[in-house]
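Visitor: with the input below, show me the fold.
(chains A, B and C)
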Amino acid sequence: MSDLAIELAGVGKKYPYFALDNIHLEVPQGQIMGLIGPNGAGKSTTIRIVMGLVQQDHGEVRVLGRSMPAEQIAAKWDIGFASEDMRLYEGMTLAWHMNFIRSIYAKWDAPYAQLLLKRFGLRAEQKIKGLSHGQRVKATLLLVLARRPRLLVLDEPTTGLDPVARHEILRELTAVMTDEGRSILFSSHNTQDVEQISDQITFIDRGRIIDSMDKEAYLDRWRRLRLEVPFGIALPALPGVIGIRQNGRLAVATANAFAPDMANAYESSGARVQAIETMTLEEIFVANVERSREEVEA
Amino acid sequence: MNGGVIRILILKDWRLHRVQVLLSLAAGGVALALLQLRDEAAFLIGSVWLFVSLIVLGSMLPVSNVINERKKQSLAFIMSIPVSAVQYAVSKIISTVGMFLVPWAVSALAATILALSRRDIPNGIIPFILILFGLPLVGFCVVAGAALITDSEGWTIAATIVCNSSYGLIYYFLVRNPAINGTFKSPVPVWSAAVLTILAGEVLAAGLILGITFYLQSRKREFV
Amino acid sequence: MTDGFLISQSDKRPIYLQIMEQIKQRIAVGDWAEGQAIPSIRQLAVDLEVSVITVKRAYLELEREGVIVTQQGKGSHVASIPGLGLRLQEQELEKHLEQAIRLADLLGIRPEDLKARLREAEGRIKKEEEQV
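Guide: Here you go, the predicted model:
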């Protein structure tokens, strides 16, 4: 019995103008994986395949040990799914939705649901059509969270939310980790949120996985080196450096496989290392996407 | 089969369309009240109203119950629940047909009883009344079938237009047919071969359309 | 226990370093005593609303530096080393001094001249305190 909450192996899916290609993804149990990538990269498609809503052309998908999409009904008993394009029934109240979910799943933590109503600032008697966008997102997440499912699959859970609402949701998502048997897969293009709460990060662009690894190790691989390059010195091309921008005597090298001896290599060539800086996930995101675009154009 | 979830989905649809069904029952009630009156104009208005309310219900329900759930993206919410595409499709057929049949059956029954109870209305009209009630039933099956099978608002509206335009024409031919109208004034209902054939045809048509719809829905692989 | 921990977005340093520093600060000033039990990795992650893996890394590094001890199944606690708080404060000072020397080097100031600069800074601080 594998202790992977989600396992995608060699998954591919073809559409007229887009294709997911050779997707390998592993979400260990008890961890949070953040899926990031530009718009149209394939995040939503990947998530739909995980949920069994879209059938892959080839490749294996196992979620909580069940094969998807064949066993999707059995799997859904333990999965809480919320996507950005999901809408609740406008004419009904939040309380009606809570009862609806409660009547289907035996597992419903009523005290926690009440606590969430308070934390999210929602009133159960209110009709969905009277809620703002942020409140609707929180309502949808409440319906998922109160069931305390073993796995949460969330497509853009914080998109379009104000900072307070985002914080309320991040708080509940990290609280899920109190139980080491529970896992989360979420997609976002808010790199700050992903950087803050993810244990694993997967980077996807144009239907391909660019990187997928442990967040801390990933952040450790990226560095920005600020260099002072005297006139006439040519900077060596180092493996692990994906780009150098030079303007006059100042240069910035971006490394995605940083090794401490890189500084020595530059210094031996005559340049001076002014600073070695860590990069935020947002900066890494941009660097990754730019590089992937350049490779395609080349 | 996950019977529990199907039942919950059907009840959900009923709850969501409570207002529509109640309104159509109310309209039917008003129409029937008008039919009680001796005034010929009131009688005419009442009978037209009765059928119109059934036709409107039959046209609106498939769009409101089937098409809109997909359009308004509540479908994603339903897909997150442990239910297969087939189970969802089956629950939709049952709830849509059920929500129409109840007001329809009540109206048909009430109209028949009314015709039987009023002494100034010859009972020979009853077979014709039943034939007339069969029309919105078949029409509904066509529109519901179109909505369930195509999932397309465009095709459903097209089916609605075709059906609604046909009613007038069919009524015209029926009422002029001597095999039908010959026995209007008879004091007892006359079940002639022509009448029985038409009634059987209506039941068969409704059953066939629903049967095909059911069969096609049960083979659905994906929600999308 | 974890009230007052502040993980700042504007702080350019990685989150695990911020966590390490704030834990060391609490030990340095004596809020967290030697040998005292501290929150488990998971609990701190939830309280700070950060990933478990980040707290794990912070705890690992702290353990490597001998500041905390984690026992399988028993949780974590501050190392039972007398004078740990003082040692951490001194480490802070040494870090600042090293940084000053590196900066001076960047500016082309020699270590000998640094002493004069130190005295000048001391004078400025005294003046500020008198004005208050």
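
Visitor: use CA for all of it now, contacts and neighbours both
Guide: Noted.

Visitor: any chance you could read off phi and psi for A:Trp96?
Guide: phi -60, psi -40 (degrees, to the nearest 10).

Visitor: from chain B, how far off is it?
Guide: The gap separating A:Trp96 from chain B is 10 Å, by Cα to the nearest Cα, to the nearest Å.

Visitor: the residue nearest the centre of chain B: which element?
Guide: With distances taken as Cα atoms, centre = their mean, B:Leu137 lies nearest the centre of chain B, 3.6 Å away. Assigned by DSSP states H and E, B:Leu137 belongs to helix B:126-150.

Visitor: please apply the same query to A:Phe81.
Guide: strand A:79-82.

Visitor: list the contacts of that strand.
Guide: A:51, A:140-141, A:144-145, A:147, A:149-155, A:157, B:77, B:80 (Cα atoms under 8 Å, 6 or more residues apart in numbering or on different chains).

Visitor: so which of the residues you listed belong to helices?
Guide: A:140-141, A:144-145, B:77 (DSSP state H).

Visitor: re the thing from before, what pLDDT, on average, does the strand holding A:Phe81 get?
Guide: Average pLDDT, strand A:79-82: 96.

Visitor: how about stretch A:125-140?
Guide: Stretch A:125-140 comes out with an average pLDDT of 95.

Visitor: mind checking how far it is from the chain centre?
Guide: 24 Å (Cα atoms, centre = their mean, to the nearest Å).

Visitor: same thing with stretch B:126-143?
Guide: 7 Å.

Visitor: show me where the chain has helices.
Guide: Answering for chain A, as no chain was given. Under DSSP H, chain A gives helices at A:43-50, A:72-76, A:94-104, A:110-120, A:133-145, A:163-176, A:191-197, A:215-221, A:261-268, A:281-297.

Visitor: that's the wrong chain, I wanted chain C
Guide: Using DSSP H, helices in chain C cover C:15-29, C:41-48, C:52-64, C:84-107, C:111-131.

Visitor: need these in JSON lines (columns: distance to B:Ile212).
Guide: Formatted as JSON lines, these follow (distance: least, Cα to Cα, whole Å):
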{"stretch": "helix C:15-29", "distance to B:Ile212": "61"}
{"stretch": "helix C:41-48", "distance to B:Ile212": "55"}
{"stretch": "helix C:52-64", "distance to B:Ile212": "55"}
{"stretch": "helix C:84-107", "distance to B:Ile212": "79"}
{"stretch": "helix C:111-131", "distance to B:Ile212": "91"}
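
Visitor: remind me which residues of chain B are low pLDDT?
Guide: B:1-2, B:221-224 (pLDDT under 70).

Visitor: and the residue of it that's closest to chain C?
Guide: B:Ser80 (26.3 Å; Cα to the nearest Cα).

Visitor: shaky segments in chain A?
Guide: If you take pLDDT under 70 as the line, chain A has these spans: A:1-2, A:298.

Visitor: got the domain ranges for the chain?
Guide: This is for chain A. With automatic domain parsing as the criterion, the domains of chain A are listed as A:4-216, A:223-278.

Visitor: can you look at chain C instead?
Guide: Split by automatic domain parsing, chain C gives C:15-78, C:84-131.

Visitor: deepest of those domains, which one?
Guide: Mean neighbour count (mean count of other Cα atoms under 10 Å in any protein chain shown) peaks for domain C:15-78 among the domains of chain C, with a mean of 18.

Visitor: tell me the pLDDT at the residue nearest in space to the middle of chain C?
Guide: Centroid-nearest residue in chain C: C:Glu21, 3.2 Å away (criterion: Cα atoms, centre = their mean). Here, the pLDDT recorded for C:Glu21 equals 92.

Visitor: who's in contact with it?
Guide: Contacts of C:Glu21 (Cα under 8 Å, 6+ apart): none.

Visitor: and what of the one 4 residues further on?
Guide: By Cα under 8 Å, 6+ apart, the contact list for C:Gln25 reads C:Leu88.

Visitor: if you set the cut-off to 10 Å instead, what comes out?
Guide: C:19, C:31-32, C:85, C:88-89, C:92 (Cα atoms under 10 Å, 6 or more residues apart in numbering or on different chains).

Visitor: equivalent analysis for B:Val142, please.
Guide: B:Val142 neighbours (Cα under 10 Å, 6+ apart): B:58-59, B:136, B:148, B:156, B:159-160, B:162-163, B:205-206, B:209-210, B:213.

Visitor: what about 8 Å?
Guide: Contacts of B:Val142 (Cα under 8 Å, 6+ apart): B:159, B:163, B:206, B:209.

Visitor: what do you get for C:Leu86?
Guide: Contacts of C:Leu86 by Cα under 8 Å, 6+ apart are C:Ala28.

Visitor: now B:Gly4
Guide: Going by Cα under 8 Å, 6+ apart, the list of residues near B:Gly4 is empty.

Visitor: show me what counts as buried in the top helix by length along chain B.
Guide: What stands out as the longest helix in chain B, according to DSSP H, is helix B:85-117. Within helix B:85-117, the residues scored as buried using 16 or more other Cα atoms under 10 Å in any protein chain shown are B:85-97, B:99-101, B:103-104, B:107-108, B:111-112, B:114-116.

Visitor: what's the spacing between that helix and its chain's center?
Guide: Put simply, helix B:85-117 sits 6 Å off its chain's centre (Cα atoms, centre = their mean).

Visitor: what packs against it?
Guide: helix B:3-16, helix B:18-36, helix B:40-61, helix B:126-150, helix B:193-217 (3 or more Cα pairs under 8 Å, 6 or more residues apart in numbering or on different chains; DSSP states H and E).

Visitor: could you redo the last one with a cut-off of 6 Å?
Guide: helix B:3-16 (3 or more Cα pairs under 6 Å, 6 or more residues apart in numbering or on different chains; DSSP states H and E).

Visitor: quick one: B:Pro154 and B:Val143, what's the gap?
Guide: Let me fix one detail, which is that residue B:154 is Gly and not Pro. 11 Å (Cα to Cα, to the nearest Å).

Visitor: looking at these two, which is more packed in?
Guide: B:Val143 (27 against 13; other Cα atoms under 10 Å in any protein chain shown).

Visitor: tell me who's in contact with the more buried one.
Guide: Residues near B:Val143 by Cα atoms under 6 Å, 6 or more residues apart in numbering or on different chains: B:156, B:159-160.

Visitor: now do it against A:Glu84, distance only.
Guide: 32 Å.

Visitor: can you check A:Thr45 too?
Guide: Distance from A:Thr45 to A:Glu84, by Cα to Cα: 13 Å.

Visitor: those two: which has the busier surroundings?
Guide: Neighbours per residue, other Cα under 10 Å: of A:Thr45 and A:Glu84, the larger number sits with A:Thr45, 19 against 16.

Visitor: quick one, what contacts that one?
Guide: A:Thr45 touches nothing, counting by Cα under 6 Å, 6+ apart.

Visitor: got it, and A:Met262?
Guide: By Cα under 6 Å, 6+ apart, A:Met262 has no neighbours at all.

Visitor: what about residue 126, how many neighbours?
Guide: As the question left the chain open, I've gone with chain A. 15.

Visitor: um, chain B though
Guide: The burial count for B:Ile126: 23, using other Cα under 10 Å.

Visitor: skip the chain neighbours and tell me the closest residue to it.
Guide: Spatially, and ignoring its direct neighbours in sequence, B:Ile126 is nearest to B:Pro189 (6.1 Å; Cα to Cα, 6 or more residues apart in numbering or on different chains).
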